[in-house]
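Student: I'll drop the sequence and a predicted model, then ask my questions.
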Amino acid sequence: MNFTLRQITYFLAVARLGHFGRAAETVHVSQPGLSSQIAQLEARLGGALFERGAGAGPVRLTALGERLLPVAQELMDTAKRLEALARAGRLPLSGRLRLAIIPTVAPYLIPHLVPALRASHPMLNLELHEIATDEVVSGVLSHRFDAGIMALPVNEPGIEAETVLRDAFLVALSGSDTTLLSGPARPESIEADRLLLLADGHCLRDQALEVCGLRSPRRKLNLEAASMTTLMRMVASGMGMTLIPRLALADENRDGRLRIVPFTEPAPSRDLAVVWRRNAEAGADARALAQVVRDLAPVLGVEPIPRPVPDPAPDAPARKRISAARS
């Protein structure tokens with residue numbers, strides 16, 4: 001029977017998400033291309049794998065699809081083990097590494113990380129993906145990505161994490177805003193009704209609410225931004241105030257339109273970590289990557305977190321920071 005691992009990958013993506021369009025986005029292919037590959041797989045198996053309704057709505061596995069699902073997952077796991085055997089014995093970061101990074105880190109880290117990796121690991125074939133926290137975790141667990149860089153905590157038993165950077169929060173206001181005349185600021189001094197946030201799905205939104213002791217925003221002006229750049233432009237225009245990670249400060253305040261106020265010590269912060277699937281062969285790559293990221297702390301303007309002392313047990317999980325923001 002002639003079918004490909006790509007077809008199995010697409011089948012697993014649709015089965016996991018229950019939607020052809022979203023599955024196509026996660027595997028970085030057009031929806032017609034994905035649908036064509038699924039149709040070819042169905043033709044070779046002699047039956048439909050999904051119950052399709054009218055339009056582009058959700059889909060469900062057929063009885064044949066349900067029977068194929070565990071076999072397909074086992075097949076992909078076997079393919080990953082074959083790939084791992086091929087990588088065994090090579091130096092870390094000398095093959096392919098599929099790396100996912102959250103949006104509030106990627107724009108500020110990647111311009112420094114890529115040159116550093118090219119200089120220290122010239123044989124590395126790096127694939128970068130900028131996606132939200134939940135997708136980083138699910139992608140690492142489902143073998144889409146070998147490793148990720150995200151903010152802690154990560155509450156998933158199948159994920160290992162090595163903390164690399166501590167990124168302090170600062171208060172950002174417009175240059176004409178007189179709310180906080182002098183610093184440092186206390187977290188409770190942030191006015192909840194003027195707090196601007198990133199949209200749902202960004203972990204920085206939840207961290208900002210935690211720092212300010214809020215469960216949900218209470219605002220006179222209901223504005224949420226999809227990106228850090230949009231958020232800072234809203235603040236610079238006098239629409240409110242927000243929290244900015246020090247990692248983003250140099251890029252997002254290049255024009256000096258923001259007034260930045262530090263917090264009282266100990267300042268609230270987020271811990272950034274390299275994450276990977278527990279017991280995965282990519283663990284060696286992830287740990288090597290963690291050290292490269294850690295070494296970038298001076299140029300990034302953040303605090304490096306030393307490598308943890310190894311546990312006696314092999315591949316033991318690194319200590320995880322319990323709270324993403326501390327005050």
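Tutor: Done, it's in. Numbers count the residues shown, from 1 in each chain.
Student: remind me which residues of the stretch 1-150 of the chain are low pLDDT?
Tutor: By pLDDT under 70, the low-scoring segments of the stretch 1-150 of the chain are 1, 54-56, 85-89.
Student: Okay, strands next: where are they in it?
Tutor: 50-51, 60-61, 96-101, 125-130, 147-151 (DSSP state E, counting those that start in this stretch).
Student: what sits against Leu5?
Tutor: Applying C-beta atoms under 8 Å, 6 or more residues apart in numbering, one finds that Leu5 lies in contact with 75-76, 79. Quick note: C-beta positions are derived from backbone N, CA and C, even for glycine.
Student: helix, strand or coil for Arg287?
Tutor: At Arg287 the chain is in helix, as set by DSSP: H, G, I helix; E, B strand; the rest coil.
Student: Test my guess that it contacts Ala161.
Tutor: No. Arg287 lies out of contact with Ala161 (C-beta atoms under 8 Å); the separation is 11.0 Å.
Student: between the two, who's got more neighbours?
Tutor: Taking neighbours as other C-beta atoms under 10 Å, Arg287 and Ala161 compare with Ala161 leading, 24 against 20.
Student: Specify the beta-bridge partners of the more buried one.
Tutor: Beta-bridge pairing of Ala161 under DSSP bridges involves Val275.
Student: how close does it sit to Val274?
Tutor: To Val274, Ala161 is 7 Å away according to C-beta to C-beta, to the nearest Å.
Student: Which ones among the contacts of Leu5 map onto helices?
Tutor: Of the positions in the contacts of Leu5, 75-76, 79 sit in helices, assigned by DSSP state H.
Student: Please enumerate the helices of the stretch 101-250 of the chain.
Tutor: 106-120, 133-141, 203-211, 228-236, 246-252 (DSSP state H, counting those that start in this stretch).
Student: Could you say which one of those comes nearest to Phe169?
Tutor: Closest approach to Phe169 among the helices of the stretch 101-250 of the chain is made by helix 203-211 (6.0 Å; C-beta to C-beta).
Student: could you dump the helices of the stretch 101-250 of the chain to CSV with distance to Ala185 and mean neighbour count?
Tutor: Output for the helices of the stretch 101-250 of the chain, formatted as CSV (distance: least, C-beta to C-beta, whole Å; neighbours: other C-beta atoms under 10 Å):
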stretch, distance to Ala185, mean neighbour count
helix 106-120, 23, 15
helix 133-141, 26, 20
helix 203-211, 11, 21
helix 228-236, 15, 20
helix 246-252, 15, 19
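Student: How many residues are close by Pro298?
Tutor: Per other C-beta under 10 Å, the neighbour tally for Pro298 reads 9.
Student: quick one: it from Pro306, how far?
Tutor: Pro298 is 14 Å from Pro306, where distance means C-beta to C-beta.
Student: Then Leu124?
Tutor: 24 Å.
Student: out of the two, which sits in the busier spot?
Tutor: Remark: of Leu124 and Pro306, Leu124 carries more neighbours, 21 against 8, as counted by other C-beta under 10 Å.
Student: What are the phi and psi values at the closest residue to that one other than its chain neighbours?
Tutor: Distance criterion C-beta to C-beta, 6 or more residues apart in numbering; nearest residue to Leu124, sequence neighbours excluded, is Leu93 at 4.7 Å. When read as degrees, to the nearest 10, the backbone of Leu93 gives phi 60, psi 40.
Student: that older thread, of the contacts of Leu5, grab the buried ones for PyMOL.
Tutor: Selection of buried members from the contacts of Leu5 for PyMOL, criterion 16 or more other C-beta atoms under 10 Å:
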select buried, resi 75+76
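Student: will you turn the contacts of Leu5 into JSON lines that also has distance to Glu265?
Tutor: Putting those into JSON lines (distance: C-beta to C-beta, whole Å) gives the following:
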{"residue": "Leu75", "distance to Glu265": "54"}
{"residue": "Met76", "distance to Glu265": "49"}
{"residue": "Ala79", "distance to Glu265": "50"}
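Student: Great, nothing more from me.
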